[in-house]
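>>> What would the 3D arrangement of this be:
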Amino acid sequence: MTKEIFFPYGKEKISHKFYDNELKGILTSSIEQYKPDFSENELVKNALENPIGTEKLSQLAKGKNNIVIIASDHTRPVPSKVIIPFMLEEIRKGSPDARITILIATGCHRGTTKEELVSKFGEEIVANENIYIHDCDERSQLVNIGTLPSGGQCEINKIAMEADLLVAEGFIEPHFFAGYSGGRKSILPGIAGRTTVLANHCAEFINDDNARTGILENNPIHTDMLWAAKAAKLKFIVNVVLNAEKEVIYAVAGDVEKAHQKGTEFLSQKCGAKAVYSDIVISTNGGYPLDQNVYQAVKGMTAAEATVKKGGVIIMLSSSSDGTGGEHFYHQLADEKDITKTMDMFLKRNRNETAPDQWQSQILIRILMKATVIYVSEMEDSMVEKMHMIPAHSIGEAIEKAKAVLNKKEPTITAIPDGISVVVLR
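Next up, the predicted model:
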């Protein structure tokens, strides 16, 4: 008997038929079985009508003249076409003549293109609303708002600080070192300066056992992020939870901490999956837009890391149409053959010496020190090999290469169709 499993890959899905005796487990979240009682629009509207821990957005907007909405960038599947129109409507209900700026939270990513903005918001919003794309290195646009609990300086975009009402959209999913995405992440790293992001993503924190998927309590990265959000006076959020089809199935609105907490509580009940340890673990980054590059794909690898046997093989499916995802990230892997030397170098650096993209390289090296990674993508083989991974271009090819690495004819396999939607419980 065989079982066919479909894996998100780019904007499509690829499948593979597994024999029953080789497939040991399929890790999925129960989110895919959850069916909301309302449509996407109704869920967002209901959340706005019933905010948690604060007044309605329309009430908060009264008397405000300069309002900023922080919106996610092109690397996040946030359904801004659904969320932003309702936020704009609510704001204008309370303050019809307010100047509204949509500030794109790029973190340390590249700038979002106009084509990506149109895809995200629709032509009408792009044509008629004031949109500004954050650049973490644009020093003239940054202002220091204090010292993070970790000791790093907190610099954020001054457009946000000059607002008399600061709000944000976003989505909540398991996050491989912040615990969960959403909420406070709109500020840090969303609209923070590079030096602030580097301090927060330091080797010490990334190495902390609490800086893991699904953990907020005593997570030093989360602690910094929440402090930054409150210091920036982020007054209101609208966050959603998505299924594998990137459809809204749950929405919360209100206070940055309380609303986010309710969203993470909902998600934690739906996305836990007990580890099934195997020789080979196949994972994805949930398809487009999160599988555009190797940098982002590290997230999906961490789900596999939690359930692969030591010395085993992780097969990562990520189309990587955008390449490696960063020059710093690429060279930190490609320029040194001995990954243990690179890891030692990272761990010796203090938080104010963190290099750009170091955290992602650190996590990938941690994974590579446990398992071989076979990377299924559209990238050139040489690029993948320079990043200490084995290239492949189909699941079947990757499995054959994994068998050769393991020197096993019948290795056990665990499949994780969407590696970023699952919290693997060890």
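
>>> Only C-alpha atoms from now on, for both contacts and neighbour counts.
OK.

>>> And the helix ranked longest in the chain, what's buried?
If you go by DSSP state H, the chain has its longest helix at helix 80-94. Buried positions in helix 80-94, judged by neighbour count with 16 or more other CA atoms under 10 Å: S80, V82, I83, I84, F86, M87, L88, E90, I91, R92, G94.

>>> Quick check: the last one vs E55, distance?
Shown here: G94 relative to E55, a distance of 12 Å by CA to CA, to the nearest Å.

>>> same thing with L347?
On the measure of CA to CA, L347 and E55 end up 44 Å apart.

>>> helices or strands next to the next helix or strand after the longest helix of the chain in the packing?
The helix or strand immediately downstream of helix 80-94 is strand 99-105, counting by DSSP states H and E. If you count contacts as 3 or more CA pairs under 8 Å, 6 or more residues apart in numbering; DSSP states H and E, strand 99-105 packs onto strand 66-72, strand 130-133.

>>> Nearest to G170 among those strands would be which one?
Nearest to G170 among the helices and strands packed on strand 99-105 is strand 66-72 (6.3 Å), distances taken as CA to CA.

>>> Please identify which helix or strand holds T223.
Secondary-structure assignment from DSSP H and E places T223 in helix 220-231.

>>> Show me what that helix is packed up against.
Going by 3+ CA pairs under 8 Å, 6+ apart, helix 220-231 lies up against no helix or strand.

>>> same thing but 10 Å
Helix 220-231 sits against strand 142-147, strand 153-157, strand 179-180, helix 194-200, helix 203-206, with contacts defined as 3 or more CA pairs under 10 Å, 6 or more residues apart in numbering; DSSP states H and E.

>>> how about those, which one is nearest V405?
Across those, closest to V405 is helix 203-206 (CA to CA), at 29.0 Å.

>>> Check the offset of stretch 290-305 from the chain's centre.
Centre-to-centre, stretch 290-305 and its host chain are 9 Å apart (CA atoms, centre = their mean, to the nearest Å).

>>> now do stretch 344-354
Taking CA atoms, centre = their mean, one finds the center of stretch 344-354 at 23 Å from the center of the full chain.

>>> Do you have the helices of the stretch 301-426 of the chain handy? List them.
Per DSSP state H, counting those that start in this stretch, the stretch 301-426 of the chain carries helices over the ranges 327-334, 339-348, 358-368, 381-386, 395-406.

>>> Out of those helices, which is the most enclosed?
Highest mean neighbour count of the helices of the stretch 301-426 of the chain: helix 358-368, a mean of 22 (counted as mean count of other CA atoms under 10 Å).

>>> Compute the inter-axis angle for it and helix 327-334.
30 degrees (axes from the mean of the first three to the mean of the last three CA atoms, to 10 degrees).

>>> what helices or strands is helix 358-368 leaning on?
Identification of packing neighbours for helix 358-368 by 3+ CA pairs under 10 Å, 6+ apart yields helix 194-200, helix 203-206, helix 294-305, strand 308-317, helix 327-334, helix 339-348.

>>> in the longest one, what counts as buried?
Right, the one you point to is helix 294-305. So for helix 294-305, counting by 16+ other CA under 10 Å, buried means V294, Y295, Q296, A297, V298, K299, G300, M301, T302, A303, A304, E305.

>>> Tell me if I'm right that the second one and F329 touch.
Yes. Using CA atoms under 10 Å, Y295 is in contact with F329, at 7.2 Å.

>>> Find residues that contact each of those two.
Taking CA atoms under 10 Å, 6 or more residues apart in numbering as the contact rule, Y295 and F329 both touch D357, Q360, S361.

>>> What's the local residue count around the residue lying closest to A303 once chain neighbours are set aside?
Leaving aside its chain neighbours, A303 sits nearest to G419 (5.5 Å; criterion: CA to CA, 6 or more residues apart in numbering). Neighbour count of G419, defined by other CA atoms under 10 Å: 31.

>>> Show the model's pLDDT score for G419.
G419 carries a pLDDT value of 93.

>>> Next one: it relative to Y132, how far apart?
The value you get for G419 to Y132, if CA to CA is used, is 32 Å.

>>> Could you list which residues are in contact with F18?
M1, T2, K3, E4, I5, G396, I413, A415.
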